[in-house]
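> The amino acid sequence is not available; the structure is as follows:
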Ligand SMILES: N[C@@H](CCC(=O)N[C@@H](CS)C(=O)NCC(=O)O)C(=O)O
């Protein structure tokens, strides 16, 4: 049985959406951040970094959101959440998965956890401001790349689209949320309309605005 250690709206949102989109049985295990459970000795055995999410798949214990998703799409290839291995489309899929996890996602870490980046408290606003500015530029590039395509890969929906929705959601409290960019807003509405996505947000108790 698959088990996802999660907290509503956290990076676990992506593997949660993927699991529902795959339609496979899984269990949700809440990591109670209110109690600092992500730093508890039990949780640190699963992820020594003390971060959410973790996926348990039998004897396999995986941390890192993108790795969890890549494992799931490979484990259930018939669901078609990633193009076939060895194709140009698969390479584009890797590009987006790696870009999203490696470029905007760490900027959100700076935006939400600015204290980790400074010794001097007075520098916090500047860390947030510059992370926000870098994210603005990143979303502009993503918007240009998306253009008038339906999904990041064009005609084909993939787990990378779910990743982008999650990052857009995280930008909703920023001076310029990603939804302010018309083609990204239309994209997020398309992704959010998927029944598996609706169900995920409902189960996590996420209310409007969702992105
Ligand atoms: N690169 C990691 C980052 C995970 C991460 O930063 N998770 C946040 C929630 S979105 C977390 O656990 N925050 C609590 C903490 O750092 O104590 C991944 O993608 O899994």
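In hand now; what should we look at? Just so it is clear, the structure is predicted and the values come from calculations on it, not from any experiment. Numbers count the residues shown, from 1 in each chain.

> buried set for stretch 56-76?
Neighbour counts over stretch 56-76 (16 or more other CB atoms under 10 Å) mark 56-57, 62-66, 68-73, 76 as buried. Backbone N, C-alpha and C define where each C-beta goes, glycine included.

> Point out where this protein drops to low pLDDT.
Within the chain, no range satisfies pLDDT under 70.

> The residue lying closest to residue 191 once chain neighbours are set aside - how many residues pack around it?
Leaving out its chain neighbours, the residue that sits closest to residue 191 by CB to CB, 6 or more residues apart in numbering is residue 165, at 4.3 Å. By other CB atoms under 10 Å, 25 other residues sit near residue 165.

> returning to what we had before: now for the buried residues of stretch 56-76: which two are most distant?
Across the buried residues of stretch 56-76, the longest distance by CB to CB is 20.0 Å; it joins 63 and 76.

> Show me which residues of the chain sit near the ligand.
Applying CB under 6 Å from any ligand atom, one finds that the chain approaches the ligand through 10, 11, 38, 50, 51, 52, 63, 64, 65, 109.

> one step back: now for the residue nearest to residue 191: which residues touch it?
Neighbour list for residue 165: 17, 188, 191, 192, 197, 211 [criterion: CB atoms under 8 Å, 6 or more residues apart in numbering].

> The second one: which element?
Using DSSP states H and E, the secondary-structure element containing residue 188 is helix 182-192.

> What are the boundaries of the helices in this structure?
In the chain, the helices defined using DSSP state H lie at 13-22, 41-46, 65-75, 88-102, 104-112, 124-146, 159-170, 182-192, 195-203.
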